[in-house]
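# Mind looking at a prediction? Sequence and model below.
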There are 2 protein chains.
Amino acid sequence: MSTTTATIEDLEFNSTPLMRGLSEDQIEEVFNRMEHLCYESDSLILTQGEANPGIWLLSSGCAEVVRDGIGGNPERVLALLGPGSVFGEMSFFRKTPHTANVRSVQQSTVHKLSWSALEELKKDAGEIAVVLLANIVTVAAERLHLMDNWVCRLLESNEVPSSQGGGGDGRFEEWHEFRAKLYREWDF
Amino acid sequence: MSTTTATIEDLEFNSTPLMRGLSEDQIEEVFNRMEHLCYESDSLILTQGEANPGIWLLSSGCAEVVRDGIGGNPERVLALLGPGSVFGEMSFFRKTPHTANVRSVQQSTVHKLSWSALEELKKDAGEIAVVLLANIVTVAAERLHLMDNWVCRLLESNEVPSSQGGGGDGRFEEWHEFRAKLYREWDF
């Protein structure tokens, strides 16, 4: 990994949903507060279990999100990330170690907004910070909605109850209770 | 429904995670920009399918989140909300109609931060808006994490594959692809 002298002109920063609603000047303001890092192919950008809090944006190359295998099982590729992808933001806000590795598949350029950079942005340019945060909330809300729908379709499908002799109903109740807790409680 | 003259002293606003990290003065600043509404028992606070964008905080009473039944099925209670509960924030950021009803079970007092109130807060008191938004992101991130874990446990459990003769593996692949899409894409 090495730092890189990427300039904002190289990148299509305004095409990433993270920056939606920001002017070009505001995007540059964010860009100037980021660390710009270049990774050779097959390098670890984030390491599962480690805390390296940041909001990461991939601008060129390709990376894979990989979870370590448990109990001798092989690792599992969860997602492939291309230019414009944002990652690490969930651990960033949960203040927890990363729950997966992110590894470059090709030579890749990434841009990291650290915790302290976001704190400074909040102080010096709150109007930019609120747009970034609102964009992240919007994505998280959409993901939650889609995930909820997916699970409901799974549990409501005929397959599960018919093959489990009613076990699917138990699963539905379990999900129902779980989701109720999820939406009721803000303290986890 | 009627507006109410609740004062901030009546409420334990600093105990809600929405306000975490705000000073008492800042909480009062948010409070003063909210609409304060009182609902009799068995009144609709939010109506499924309608757009009434706001971040809602219940300070006294009790309400239930209820989804309309489909195809003659009875309605389904998704969650019970008590004092300190926040609701409506997901539709607020997704800019979509509400996906469920919220109905008072007892006489309840709720406080609504409207879209325009949040916009004004962003302009006049950006340092407060960023804290509110960061609190909402944190909750959404935690919910996503818990939901993801729940689904993984469901799909990895022995029950599903053994009773479906390998069907569980298909489900796992389906979930795998769905989640990959969910985490890769910020444009839905």
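Received it, and whenever you're ready, just let me know what you need.
# Going along the chain, name the strands of chain A.
If DSSP state E is used as the criterion, the strands of chain A fall at A:2-3, A:35-39, A:44-46, A:54-60, A:63-67, A:76-81, A:86-87, A:101-104, A:108-114.
# These: which one's closest to residue B:133?
For residue B:133, the closest of the strands of chain A is strand A:54-60, at 13.5 Å, according to C-beta to C-beta. No exception for glycine: its C-beta is placed from N, CA and C like everyone else's.
# What distance do you get for residue A:93 to residue A:140?
As defined by C-beta to C-beta, to the nearest Å, residue A:93 lies at a distance of 9 Å from residue A:140.
# list residues touching both of these two?
Applying C-beta atoms under 8 Å, 6 or more residues apart in numbering or on different chains, one finds that residue A:93 and residue A:140 are jointly contacted by B:137, B:141.
# OK, contacts around residue A:56?
With contact taken as C-beta under 8 Å, 6+ apart, residue A:56 is in contact with A:45-46, A:86-89, A:102, A:110-113.
# Of the residues you listed, which is the nearest to residue B:18?
The nearest member of those to residue B:18, counting by C-beta to C-beta, is residue A:89 at 19.7 Å.
# Name the nearest residue to that closest one, sequence neighbours excluded.
Using C-beta to C-beta, 6 or more residues apart in numbering or on different chains and skipping the chain neighbours, the partner closest in space to residue A:89 is residue A:55 (4.8 Å).
# so where's chain A uncertain?
Counting by pLDDT under 70, chain A has low-confidence residues at A:5-14, A:157-169, A:172, A:183-188.
# can I assume residue A:89 is in contact with residue A:136?
Yes - with contact defined as C-beta atoms under 8 Å, residue A:89 and residue A:136 form a contacting pair (5.7 Å).
# Between those two, point out the one with more neighbours.
In this comparison of residue A:89 against residue A:136, neighbours counted by other C-beta atoms under 10 Å in any protein chain shown, the higher total goes to residue A:136 at 26 against 22.
# Do I have it right that that one meets residue B:134?
No - counting by C-beta under 8 Å, residue A:136 does not reach residue B:134; the two are 9.1 Å apart.
# Can you list the residue ranges for helices in chain A?
Using DSSP state H, the helices assigned to chain A run over residues A:24-32, A:89-94, A:115-124, A:126-156, A:159-164, A:167-184.
# which one of these is the most hemmed in?
Per-residue neighbour counts averaged over each of these give the maximum for helix A:89-94, namely a mean of 22 (mean count of other C-beta atoms under 10 Å in any protein chain shown).
# who's in contact with the residue in chain A positioned nearest to chain B?
For chain A, the nearest residue to chain B under the criterion C-beta to the nearest C-beta is residue A:126, separated by 2.8 Å. Shown in contact with residue A:126 (C-beta under 8 Å, 6+ apart): B:122, B:126-127, B:129-130.
# Select, from the residues you listed, the two members most distant in space.
When C-beta to C-beta is used, the two most widely separated members of those are B:122 and B:127, lying 10.2 Å apart.
# Leaving out chain neighbours, which residue sits closest to the residue of chain A closest to chain B?
When the adjacent residues along the chain are set aside, residue A:126 lies closest to residue B:126, with 2.8 Å between them (C-beta to C-beta, 6+ apart).
# again with residue A:34
By the measure of C-beta to C-beta, 6+ apart, the closest residue to residue A:34 outside its immediate chain neighbours is residue A:111, 4.3 Å from it.
# Fine by me, thanks again.
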